[in-house]
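> below are the sequence and a predicted model for it; my questions follow.
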Amino acid sequence: MNRGFVLYRSPLQLHEAGGSCAQCYLASDERGSGIVAAGGIGKGFENPEQRHVGLFGAARALLQDPTADEDEIFPTLKLASMTGRRRFRLLYRGVEMVRVVDEVPILRRNPVQAHEYSSIRSAGEAVTAVIITVTASRRAVGADDVARAYEQVLREEGMAWGGSGGRVTYFLAGDMLQLEVQEFDEFAAIGAERRWPEPATIGKFARAALDEFGESLILRKGGGGDMGSDNLIFAMVARVLADEVPRKGGKINRKEVHRLLDMHVLPGASWRRPPSDGDPNGERRLWDNVKKVGRMEELYEPGPMSVF
């Protein structure tokens, strides 16, 4: 079944035409923080089974990859679930393409994000701070990761570094650590370009914060009960289908969702029993996991955004 076409390009080329196939994009030097996916599916793809060929293929690819975890499963399936449209252009920040499996791009969420901030009081909307956030992940985040994210913002905004001072504040809120960096180049001559703290200096501050709070930012295996990687994949696909399969008697048509999982996802997980085999315990676990996915998604927001 034709899954349509998808082209990928850098967020710096958001409003440009064209792009590359997944494998070509992965091999290019255009990759950065975030990705743009544009394309569409053919006419006549009216029902969920037809529209979500890309989602089913992504689920099977992830099931065959024993290294895939939440940081890859969530963004890969979130993007794939939004490509079943006649036309689309999606901007997905905070992720990177790390490999391609059976033509499916595997994305990884970067738990370290940085962006500039401009105060309404600043002259000419000048950048007054760089905000860096570190969210919980299976992988431990290092001070170098924070320094690189900070440096990338400085480069993208054309801001010089190497100044005589700065101010760094940080705090932990739940499963997120935030650092705020302000330049404080008091010895810069009047009219001269002001310089921000060195990335290496910010890395040292980050190391101190991570030494204190880092354990709070590592997602531990086993905390999700039945939510191993394959259970997470089935639950995410079921969640998408539950919203799109026509309802029966005003309720989710679980039987049809199970049929689609059997037909299009189960072939990637030969060790599993079919969702439709009549096992009430298996069915209950699946739909309990669907509810868990809804709660877990907050950690992985924002997802892909439609851009026109």
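Arrived safely, thanks for sending. Residues are numbered from 1 along each chain as shown.

> number of nearby residues for the closest residue to residue 84 other than its chain neighbours?
Once flanking residues are discounted, residue 84 sits nearest to residue 51: 3.4 Å by CB to CB, 6 or more residues apart in numbering. (Glycine included, C-beta is placed from N, CA and C.) By other CB atoms under 10 Å, 19 other residues sit near residue 51.

> my guess is residue 51 contacts residue 80, does it?
No. Under the criterion of CB atoms under 8 Å, residue 51 makes no contact with residue 80, lying 11.1 Å away.

> what pLDDT does residue 3 get?
We have a pLDDT of 55 for residue 3.

> ugh, typo on my part, it should be residue 124
We have a pLDDT of 52 for residue 124.

> do you have the helices of the stretch 201-308 of the chain handy? List them.
Listed in chain order, the helices of the stretch 201-308 of the chain (DSSP state H, counting those that start in this stretch) span 229-244, 254-264, 280-296.

> okay, buried residues for the last one please.
Translated: helix 280-296. Using 16 or more other CB atoms under 10 Å as the test for burial, helix 280-296 gives 285-287, 289-290, 292-293, 296.

> for the second one, same thing?
Buried residues in helix 254-264, counted by 16+ other CB under 10 Å: 254, 256-261, 264.

> likewise for stretch 76-88?
76-84, 88.

> any idea how far that stretch is from the chain center?
14 Å (CA atoms, centre = their mean, to the nearest Å).

> ok, stretch 62-69 next?
For stretch 62-69, the distance to the chain centre is 16 Å (CA atoms, centre = their mean).

> span of it from start to end?
9 Å (CA to CA, to the nearest Å).

> can you pull out the residues in contact with it?
72-73, 76-77, 101, 104, 106, 138, 229-230, 233, 265, 268-269 (CB atoms under 8 Å, 6 or more residues apart in numbering).

> most surrounded residue in those residues?
Result: residue 76 is most packed of the contacts of stretch 62-69 (other CB under 10 Å), 29 neighbours.

> in stretch 15-29, what's buried?
19, 22, 25-26.

> save the residues you listed as JSON lines, and put in secondary structure and pLDDT too.
Below are those laid out as JSON lines (DSSP: H, G, I helix; E, B strand; the rest coil; pLDDT from 0 to 100):
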{"residue": "19", "secondary structure": "coil", "pLDDT": "91"}
{"residue": "22", "secondary structure": "helix", "pLDDT": "93"}
{"residue": "25", "secondary structure": "helix", "pLDDT": "92"}
{"residue": "26", "secondary structure": "helix", "pLDDT": "91"}
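
> farthest-separated two in those?
With CB to CB as the measure, no two of these lie farther apart than 19 and 26, at 12.5 Å.

> number of residues surrounding residue 54?
21.

> residue 40 versus that one, what's the distance?
11 Å (CB to CB, to the nearest Å).

> ok, residues contacting stretch 260-274?
Here stretch 260-274 makes contact (CB under 8 Å, 6+ apart) with 48-49, 52-53, 56, 59-64, 230, 233-234, 237-238, 241, 245, 258, 275-276, 279, 282.

> quick one, grab the pLDDT at residue 148.
Note for residue 148: predicted pLDDT of 92.

> quick one: contacts for it?
Contacts for residue 148 (CB under 8 Å, 6+ apart) come out as 112, 199.

> and if we set it to 10 Å?
33, 110, 112, 114, 142, 199, 203 (CB atoms under 10 Å, 6 or more residues apart in numbering).

> give me the element it is part of.
helix 143-157 (DSSP states H and E).

> go through that helix and flag the buried ones.
Buried residues in helix 143-157, counting neighbours by 16+ other CB under 10 Å, are found at 143, 145-151, 153-154.

> again, but for stretch 94-111
94-97, 99-101, 104-111.

> before we move on, back to that, quick one: the residue nearest to residue 84 from residue 87, how far?
Residue 51 is 13 Å from residue 87, by CB to CB.
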